[in-house]
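Trainee: Build me a structure from this.
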Amino acid sequence: MCINLRRLQWGCLVALAGCALAQARLKHDGIPSPPGNCSLDIRKKTNWGVATASYQVEGAWNEDGRTPSVWDVFAHAGNIKNNDTGDVACDMYHKFPEDFSLMRSLGIKHYRFSISWNRILPEGAAGTPINQKGIDFYNSLINEMLANGIKPYVTMFHWDLPQILQDNYDGLIGKEFINDFINYATVLFENFGDRVQDWMTFNEPWVTCVLQYGQGVFAPGKPYGEAGQYQCGHNLLLAHARTYRLYHETPQLQLGGLTYAQAQKGKIGIALNIEWLEPLTSKPADVVAAKYGIEKNLGWFADPLYFGDYPASLKACYQKILPSFTLEEQQLLRGTADFLGINFYTAKYAAGNPNDTCSVEPREQDQYGRDIGPLAESGWLRVVPWGIYKMMKYVDQRYHPAEIIITENGVSAPGEAAMPVQQAIRDKFRVDYYRGYLDNLCKAIKEGVKVSTYFAWSYMDNFEWKEGYTQRFGINHVDFDSPYRTRTTKDSGRFLAKHFFSIGHGWEAGSEQQHQGIDRQMEGNASIDRPHLEDLSQ
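Mentor: Just a heads-up that it's a prediction; the model follows:
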C-alpha cells in the first residue's frame, strides 16, 4: 500500500514537472503544440507550402512589356476599396530573392504561384509575339526558387485575363478563349516545363464565372447573368481538357516525339473552391439542399473532369441555359485531372424548400440562431474547422482522386490591417484557425484520404481583390506604407514553420534543366542574410 502510494506520488510529480516544462517551452517561443491528429509521421510524409497569385503580389504593372489585365483596368477605374490597386502590391517582381530567402529560413519547400498571362503575351492571343522580358522574369523566379530548395507549383490563370482579350471577344464568354488559352499554356510548357512538374490550369473557376462573368462584381465588371456564367464555365472546362490532352497525348517534334508529360514528367490539375454545406436540420429538404449546393458549386467543374458531364441535378435545374457537351467533348473531358486541387476556407448551413429541389439557402447560423463559427475580417469567412474534414471525406468518396492538394487554406484576422506591425504579428486568431483546420485535415489523412500537399494562403499579406489592402491573409506581415514593403513573420508563420514546413516532406531538384542558373542565382544572393530556424523562437 505504502509502495503504491509512493509510486502514485512520484507519478504525479513527474506529470506536474512535464506540465511545467511544456508551459515553459510554450512561454519561451510562444508557439503552441502541433494539432493532436497531426502525428509526426503525417507531418513528415506531407508536403507543406505557401501560395500567392501574380496580380496580388507582383506589382510592376507596366514594366518590361507587361500590358494591362482586366484587374488593372478595374482597379484604375476606382472599383477597389480605398481606391487601392495592384500597381505595386508587395513588389515581389523586384523583391523575390528576398522572399525566397525568407521562405528558406522558414523551412518552406513548396510554393504555389501564378503567372501573368499578359506579362508573357502582351497581346494575349495565339500568333502574337512572346515577351522575352516576361519569360526572363519567370525564369529568374523559378531558378531562384530552385536555388533555395523550393519546388514550384504553377497556376496558369488566377483571374487576371489580358484586357485585350476581354475587349476582343468578351474574354471567357467567347469561344476564341479556348484556343488562346491553349496557346498560352503551350508557351508555358515550352519555356518552364523543364523545371515545373505541377501545373494548375485555373484557380477557382466558380469565382471567375460567377463573380467575374455572372454577377460582374469582380473584374472585368460586366454582368452577363447566369447564361453568361455557365457559358464561361463551359469554355473554361473545354480549355482545361484540351490543355490536359495536349500535355499528355500530343507528341512534340522538338522533344523527339515525346509528349510534354513524358519529357517533363509533370502533372496537371485544377484548383476548385468550395464551402462545405451542412444541412440546417435533419429534414429531407435541408439534406437535399446541402447535397445540391455542393453539386452546384463543386460538381459544376469537378464532375465533368471525372465523369465527363455536369451533375444531373445541375442539368435539371438549369436545363434552359446550361450548355451541353457533345459525346466527343464528354470523352475529351473525362479523366483530365492528375490531381484535384481544393481551395477551402469555411462552411455554412444549408436550408432547403420542400417544394423546390433547386433551392438552397446558405446560412451562417443554426436553427437556434447560433453562429456556425467565429467571423473573420472577411464577411464570407467563418472559422469552421470540422468543415475541411467533411469536405475531404466527400471529395474522396465522390471522385476517388488519385491525389488531393489543398491549394489554399487560410484566414483574414479581424482588424489586422489597422494594427501596428508588432501587434499584427501576434496573430493568435490565425494560429488557432490553422491548428483547428490542420487537426481536421490530418484526421482525414489518417482515415485514408489521399492529401499529398497543403498550401497555406497566403505567404504574405497582399492585394485582396475588391477589398484592397484592408483584409490580411498572410503568415508574413507586409508594411504597405513603406516603399520597401517590409516583410515580418507572424506567429502563424512561426507555428507553421516549426511544426509543418521544417518537418514536412522535402524536395530536391533532380534534372539537369532544374539545376540551370542555380549557381548564378546563389552568387547573386550571397549578401542576403538567411536566418536559421532556431531564430524563429526569438
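Trainee: can we go C-alpha only for contacts and neighbour counts from here?
Mentor: Noted.
Trainee: isn't Arg430 right up against Pro414?
Mentor: No: with contacts counted by C-alpha atoms under 8 Å, Arg430 stays clear of Pro414, the gap being 9.5 Å.
Trainee: Tell me which of those two has more neighbours.
Mentor: Arg430 (24 against 17; other C-alpha atoms under 10 Å).
Trainee: Report the separation between Thr243 and Lys296.
Mentor: Per C-alpha to C-alpha, to the nearest Å, Thr243 is found 24 Å from Lys296.
Trainee: what's the burial count for Pro304?
Mentor: So Pro304, with other C-alpha under 10 Å, has 25 neighbours.
Trainee: With adjacent residues omitted, what lies nearest to it?
Mentor: Excluding its sequence neighbours, the residue lying closest to Pro304 (C-alpha to C-alpha, 6 or more residues apart in numbering) is Tyr310, at 5.5 Å.
Trainee: how many neighbours does the one you found have?
Mentor: Once other C-alpha under 10 Å is used to define contacts, Tyr310 is seen to have 24 neighbours.
Trainee: and what of Gly369?
Mentor: Residues near Gly369, counting by other C-alpha under 10 Å: 9.
Trainee: The closest residue to Ile182 other than its chain neighbours in helix, strand or coil?
Mentor: Distances taken as C-alpha to C-alpha, 6+ apart place Thr243 nearest to Ile182, at 5.7 Å, with adjacent residues excluded. Per DSSP: H, G, I helix; E, B strand; the rest coil, the secondary structure class of Thr243 is helix.
Trainee: Ok, Phe177 next?
Mentor: Going by three-state DSSP: Phe177 is helix.
Trainee: ok, it - contacts?
Mentor: Leu165, Gly171, Asn235, Ala239 (C-alpha atoms under 8 Å, 6 or more residues apart in numbering).
Trainee: do Ile321 as well
Mentor: Applying C-alpha under 8 Å, 6+ apart, the residues near Ile321 are Glu226, Ala227, Tyr230.
Trainee: looking at those residues, which has the most residues close by?
Mentor: For these, neighbours tallied by other C-alpha under 10 Å; top is Tyr230, 23 neighbours.
Trainee: next SSE after the helix or strand encompassing that residue?
Mentor: Taking DSSP states H and E as the definition, Tyr230 sits inside helix 225-249. Toward the C-terminus, helix 225-249 is succeeded by helix 260-264 as the next helix or strand (DSSP H and E).
Trainee: List the buried residues in that following helix.
Mentor: Of the residues in helix 260-264, Tyr260, Ala261, Ala263, Gln264 count as buried by neighbour count, 16 or more other C-alpha atoms under 10 Å.
Trainee: C-alpha coordinates for that helix, PDB please?
Mentor: Extracted in PDB, the C-alpha atoms of helix 260-264 (Å, rounded to 0.1, in the frame of the first residue of the first chain):
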ATOM      1  CA  TYR A 260       5.400  17.200 -72.700                       C
ATOM      2  CA  ALA A 261       4.300  14.800 -69.900                       C
ATOM      3  CA  GLN A 262       6.800  12.100 -71.000                       C
ATOM      4  CA  ALA A 263       9.700  14.500 -71.400                       C
ATOM      5  CA  GLN A 264       9.000  16.800 -68.400                       C
END
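Trainee: so Arg104 touches Asn148, yeah?
Mentor: Yes: here Arg104 reaches Asn148: they are 6.1 Å apart, a contact under C-alpha under 8 Å.
Trainee: Lys423 - that's part of a helix, no?
Mentor: Residue 423: Gln, not Lys. Yes: when three-state DSSP is applied, Gln423 is found to be in a helix.
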